[in-house]
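> Predicted model follows, preceded by the sequence.
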Amino acid sequence: MKTSLRSFVVTGLTICAALWTIPETVSGQIYVANYGSGTIGEYTTAGATVNASLVSGLNGLGLAVSGGDLFVANVNAGTIAEYTTAGALVNASLVSGLNGPYGLAVSGGDLFVANHNNGTIGEYTTAGATVNASLVSVLNSPVGLAVSGGDIFVACAASSTIGEYTTAGATVNASLVSGLNVPLGLAVSGGNIFVANVNAGTIGEYTTAGTTVNAALVSGLDSPFGIAVSGGDLFVANWDYNSTIGEYTTAGATVNASLVSGLSLPAFLDVEEVPEPSSFGLLALGLGVLPLLRRQSR
């Protein structure tokens, strides 16, 4: 019996040690706001439909996912609603009195919203309390925004620029990137900004310092609106014509131009990453057997 248990443990630890070098994989869920149908759809990052109408009855453009919560900007109603990622309503008017809310971003316990109509970025807690309704003002049609560290990056459609501000509202560079072609959505990954130029049908890449990496990293798109980064992939919502979500690498290679199709004027989207079990869990399991071995050897 002792020999059998010892062999089992040794074999298990040998396998776990071999698995130690296998990297952890990440899958995810895509949530997309369909302005045409007034819904939020949920799909896997592999393109499978989870629920095409996870949430309905909206007039939303912007959305952001944080933990188990889904925040949606209802542009016509001037509100931000909160749902669980399972589609259950938490608060239909978590934040109200907004002026054309478009893009949303969550950072910790704070929720930032771009008010397209009055040119402001407002800050609220994820519980709905107002921190500063005009944290940043005098913007030129702000649409998409992203938070990275202590900075907010905002795409201003009318001026075709990306501005940079601190999360405290201070201006870093109001024209960090200029010469764009009606930028709508943007995403930040590491030291890079990816921006969707709706009129040019392109995704441009820039550093967070404002340097151009590739102004047409991805081209030939149909009115790209929302964009999200997950791992080494870009997910892009094409607003017009084919109403799809395309997948591309952050190097610009096409993975699947029609990963998800049959949408209805998809606007912003977000990806909730779900880490899959890694080999470290198996190693821990193997180590947990060691006390059994010690007891058997006494």
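Alright, I've got the coordinates.

> Pull stretch 255-271 out as CSV, backbone CA atoms only.
What follows is stretch 255-271 as a C-alpha-only set of coordinates in CSV (Å, rounded to 0.1, in the frame of the first residue of the first chain):
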residue,chain,number,x,y,z
VAL,A,255,-8.1,36.3,-37.5
ASN,A,256,-11.8,36.4,-38.5
ALA,A,257,-13.4,39.4,-40.2
SER,A,258,-16.9,38.1,-39.4
LEU,A,259,-16.3,36.4,-36.1
VAL,A,260,-19.9,37.4,-35.1
SER,A,261,-22.5,38.4,-37.7
GLY,A,262,-26.2,39.2,-37.8
LEU,A,263,-25.9,42.1,-35.4
SER,A,264,-28.0,45.4,-35.5
LEU,A,265,-25.8,48.5,-35.6
PRO,A,266,-23.3,47.3,-33.1
ALA,A,267,-21.7,50.2,-31.2
PHE,A,268,-19.4,49.8,-28.2
LEU,A,269,-18.3,46.4,-26.9
ASP,A,270,-16.2,45.0,-24.1
VAL,A,271,-14.6,41.7,-23.3
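
> buried residues in it?
Buried residues in stretch 255-271, counting neighbours by 16 or more other Cβ atoms under 10 Å, are found at 257, 259-260, 263, 265-271. Where you see a C-beta, it was placed from the backbone N, CA and C, and this is true even at glycine.

> go on, stretch 113-132?
Neighbour-count burial for stretch 113-132, counted by 16+ other Cβ under 10 Å, picks out 113-116, 119-124, 126.

> Kindly report the same for stretch 151-164.
Judged by neighbour count (16+ other Cβ under 10 Å), stretch 151-164 contains these buried residues: 151-157, 159-164.

> Relative to S66, which of these is nearest.
Distance ranking of those against S66, using Cβ to Cβ, places I152 first at 15.8 Å.

> Identify the residue spatially nearest to that closest one, adjacent ones excluded.
Using Cβ to Cβ, 6 or more residues apart in numbering and skipping residues adjacent in sequence, the residue nearest I152 is Y165, 4.8 Å away.

> In strands only, show me the buried residues of stretch 113-132.
Counted as lying in strands by DSSP state E, out of the buried residues of stretch 113-132, are 113-115, 120-124.

> so what pLDDT did the spatially most central residue of the chain get?
In the chain, the C-alpha closest to the average C-alpha coordinate belongs to D270, at a distance of 3.4 Å (Cα atoms, centre = their mean). pLDDT for D270: 97.

> for the one 3 residues further on, same thing?
In the prediction, the pLDDT value recorded for E273 is 78.

> Just the element for it, please.
strand 266-275 (DSSP states H and E).

> Paired strands for that strand, with orientation please.
Partner strands for strand 266-275, per DSSP bridges, with pairing direction: strand 26-34 (antiparallel).

> For whichever helix or strand comes after the partner strand, name the packing helices and strands.
Along the chain past strand 26-34, the next helix or strand (assigned with DSSP H and E) turns out to be strand 39-44. In terms of contacts (3 or more Cβ pairs under 8 Å, 6 or more residues apart in numbering; DSSP states H and E), strand 39-44 is packed against strand 26-34, strand 49-55.

> Comparing these, which comes out most buried?
Highest mean neighbour count among those (mean count of other Cβ atoms under 10 Å): strand 26-34, with a mean of 22.

> so G41 touches G47, yeah?
No: counting by Cβ atoms under 8 Å, no contact exists between G41 and G47, whose distance comes to 11.9 Å.

> Between those two, which contacts overlap?
Overlap between the neighbourhoods of G41 and G47 consists of V260, taking contacts as Cβ atoms under 8 Å, 6 or more residues apart in numbering.

> If you count surrounding residues, which of those two has more?
Just comparing G41 and G47: by other Cβ atoms under 10 Å the higher neighbour count belongs to G41, 25 against 15.

> what's the closest non-adjacent residue to that one?
Nearest non-adjacent residue to G41, counting by Cβ to Cβ, 6+ apart: A52, 4.8 Å away.

> check contacts around that neighbour.
Taking Cβ under 8 Å, 6+ apart, one finds 39, 41-42, 262 in contact with A52.

> Please apply the same query to S134.
Applying Cβ under 8 Å, 6+ apart, one finds that S134 lies in contact with 120-122.

> rerun that using 7 Å as the cut-off
With contacts defined as Cβ atoms under 7 Å, 6 or more residues apart in numbering, S134 is in contact with 120, 122.

> any idea how far it lies from Y124?
Spatial separation of S134 from Y124 under the definition Cβ to Cβ, to the nearest Å is 12 Å.

> Going by residue numbers, what spans are helices in this protein?
2-19, 279-288, 290-297 (DSSP state H).

> Extract the residue ranges of the stretch 151-298 of the chain that are flagged as low pLDDT.
Filtered on pLDDT under 70, the stretch 151-298 of the chain yields the residue ranges 274-298.
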